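J.: The sequence and its predicted three-dimensional model are supplied below.
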Amino acid sequence: MTRGSEANPARTEPPPFVRLASHPLRWQVLCELVKSDRTVTELMLLLDEPQSLVSYHLRLLRDGGLVTTRRSSADGRDSYYAIDLLACRQALQGAGGALHPMLRLAPVGSECSRGRSSGRRRVLFLCTGNSARSQIAEALIERMSDGTIRAASAGSAPKSLHPNAVRVLGKRGIDISANRTKHFDEFRAERFDAVITLCDRVREVCPEFPARPQLVHWSIPDPALEGTTDRASYPAFERTARELETRIGFRLPLFDRTAIERRSTHGQR
């Protein structure tokens with residue numbers, strides 16, 4: 001082997017995830033989207049960067065499959081951006097393996113992804129009718145957290161519990177057929193660790209709650225609006241349940257970290 005070949009080995013490009021996420025601004029965008037779905041305007045304010053720059057980096061993250069977007073149901077002129085955590089996990093696993101086979105990250109098992117909370121947390125899910133999305137989320141988080149999360153759900157304009165919400169949870173061995181729908185005014189005086197809005201419209205009218213809970217938004221379409229019959233809309237309910245299972249699974253480990261950060265912040269005051 002010549003000295004020249006030693007000095008100039010064949011170059012290997014970093015994996016796409018490394019190239020995308022290593023940019024400081026794109027990394028900050030991803031960190032913000034882990035906390036909550038955001039609009040471009042919100043990201044501009046959080047990052048203190050102009051709209052053209054934020055939009056440019058969002059487009060690169062979308063093209064790279066790390067971020068998704070949905071048109072707002074509250075204001076059709078706006079869109080919500082969300083991080084695709086499943087795609088990020090897969091990309092991270094591949095990036096480690098590209099450097100060395102022993103660095104390929106193994107998927108986290110369900111027993112590890114559940115929150116091992118040091119204290120029982122309280123979470124409130126909100127949507128407009130409290131008939132589907134928030135009811136499904138309430139039931140799923142209590143099941144997936146092994147009871148370490150105490151959940152509630154409500155809406156800004158409650159409707160009857162949707163039969164497909166009952167069916168999709170029944171498939172998972174959860175019975176909510178006796179649940180009632182509730183207005184969020186019932187919970188205005190209660191304390192929560194997190195309030196998660198699942199509907200763009202209810203986010204616009206979300207009331208304030210005591211103790212300044214963490215406010216999170218997940219922009220999830222109303223499955224009841226798909227199809228002209230309950231049978232026709234059922235696949236949308238299944239998609240909604242799967243998306244909520246994914247989001248909740250990734251959110252559970254954050255509850256203790258958020259509680260520690262809040263205690264640390266209060267201790268510094």
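T.: Received it, and whenever you're ready, just let me know what you need. Treat the numbers as computed from the prediction; the structure is a model and nothing was measured. Residues are numbered from 1 along each chain as shown.
J.: export whichever strand or helix holds I136 as PDB, just CAs?
T.: I136 is part of helix 133-144, with elements assigned from DSSP states H and E. The C-alpha coordinates for helix 133-144 follow below in PDB (Å, rounded to 0.1, in the frame of the first residue of the first chain):
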ATOM      1  CA  ARG A 133     -59.800  10.900  20.200                       C
ATOM      2  CA  SER A 134     -59.500  12.000  23.800                       C
ATOM      3  CA  GLN A 135     -61.400   9.000  25.100                       C
ATOM      4  CA  ILE A 136     -59.100   6.600  23.200                       C
ATOM      5  CA  ALA A 137     -56.000   8.500  24.500                       C
ATOM      6  CA  GLU A 138     -57.300   8.400  28.100                       C
ATOM      7  CA  ALA A 139     -57.800   4.700  28.000                       C
ATOM      8  CA  LEU A 140     -54.500   3.900  26.200                       C
ATOM      9  CA  ILE A 141     -52.200   5.900  28.500                       C
ATOM     10  CA  GLU A 142     -53.600   4.300  31.600                       C
ATOM     11  CA  ARG A 143     -53.100   0.800  30.100                       C
ATOM     12  CA  MET A 144     -49.700   1.600  28.600                       C
END
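J.: what does the next helix or strand after that helix contact?
T.: Along the chain past helix 133-144, the next helix or strand (assigned with DSSP H and E) turns out to be strand 149-155. Contacts with strand 149-155, where a contact means CB atoms under 8 Å, 6 or more residues apart in numbering, come from 115, 117, 120-131, 134-135, 137-139, 141-142, 181-184, 186-187, 190, 192, 202, 252, 255. (C-beta placed from N, C-alpha, C; glycine too.)
J.: Give me the buried entries from those residues.
T.: Buried members of those, scored by 16 or more other CB atoms under 10 Å, are 115, 117, 121-131, 134-135, 137-139, 141-142, 181-182, 184, 187, 192, 202, 252, 255.
J.: Next, check those against the helices and list the overlap.
T.: When DSSP state H is applied, those are split such that S134, Q135, A137, E138, A139, I141, E142, V202, L252, F255 fall in helices.
J.: of those, the lowest pLDDT goes to which?
T.: Least confident entry in those, by pLDDT: F255, with 81.
J.: need the helix or strand of this protein with the lowest average pLDDT.
T.: Taking mean pLDDT, DSSP states H and E as the measure, helix 110-113 is the helix or strand of the chain with the lowest mean score, a mean of 41.
J.: now the strands: where do they sit in the stretch 1-150 of the chain?
T.: Read by DSSP state E, counting those that start in this stretch, the stretch 1-150 of the chain holds these strands, from start to end of the chain: 67-71, 79-83, 121-127, 149-155.
J.: Now find how far off-centre stretch 222-236 is within its chain.
T.: Here stretch 222-236 shows a centroid-to-chain-centroid distance of 22 Å under the convention CA atoms, centre = their mean, to the nearest Å.
J.: can you check stretch 67-82 too?
T.: Mean-position distance between stretch 67-82 and its chain equals 14 Å (CA atoms, centre = their mean).
J.: contacting residues around that stretch?
T.: Applying CB under 8 Å, 6+ apart, the external contacts of stretch 67-82 come out as 29-30, 33, 37-41, 43, 58, 61-62, 83-84, 199-201, 203-204, 217-219, 221-222.
J.: Show me where the stretch 51-200 of the chain dips below the pLDDT cut-off.
T.: Confidence mapping of the stretch 51-200 of the chain against pLDDT under 70 gives the ranges 105-119.
J.: hmm, back to that, the ones in helices among the buried ones among the contacts of strand 149-155: which two are farthest apart?
T.: Farthest pair in these (CB to CB) is V202 and L252. Separation: 22.6 Å.
J.: Who are the contact partners of A211?
T.: Contacts here follow CB under 8 Å, 6+ apart; on that basis A211 touches R191, F192.
J.: now swap in W27 and tell me
T.: A21.
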